[in-house]
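Enquirer: Kindly return the folded structure for what I paste below:
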Amino acid sequence: MAMTENHANAAAVKSSLDGLIHGVSGHSFEVLDNLYHRDMQTYLLLNDGTLMRNDKPEFMEMIKHNMGALKDDNPWVQYHLVEADDTHGHIVVSRKNNATGRYQLISLSIDFVLEDGRWQITREVIMTRNDATHA
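Expert: Numbering: from 1, shown residues only. Below is the predicted model of the structure:
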């Protein structure tokens, strides 16, 4: 069965990502360990063409370091696509944050799997776009 936006699990996948966004924005970094799959991989493509690859522990450390003392009570997010099937989910989203070390607009393609009774992120492809103040 193909993933669709109308599948019943699409709302649960979106809710999982909303929890991560609000958790990290409020410095509740424990949400990362729960939502990131043990085999998660991230691919961060910077404006200058540099591609950074990280596994779960490396990416969690980068997020904690780059978010610093910033607390964002109203994180900006724009969902472009949320789709799912019985065991997999996919989200395409834009965010404004400083997860890359400077506040900017980023676009993400995020893959999920339903495992151990919860939705977990298996892969994030992140592309920096431009300075969020000019977006």
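
Enquirer: Okay, helices next: where are they in the chain?
Expert: Assigned by DSSP state H, the chain shows helices spanning 9-25, 30-35, 56-67.

Enquirer: Out of those helices, which gets nearest to Phe112?
Expert: Checking these against Phe112 by Cβ to Cβ gives helix 9-25 as the closest, at 5.3 Å. From N, CA and C alone the C-beta is placed, and that goes for glycine too.

Enquirer: and the nearest residue in space to Arg53 that is not next to it in sequence, what are its bridge partners?
Expert: Nearest residue to Arg53 in three dimensions, chain neighbours excluded: Tyr43, at 5.8 Å (Cβ to Cβ, 6 or more residues apart in numbering). Going by DSSP bridges, Tyr43 is paired in beta bridges with Arg53, Val125.

Enquirer: Pick the most buried one from the helices of the chain.
Expert: Most buried of these, by mean neighbour count (mean count of other Cβ atoms under 10 Å): helix 9-25, with a mean of 18.
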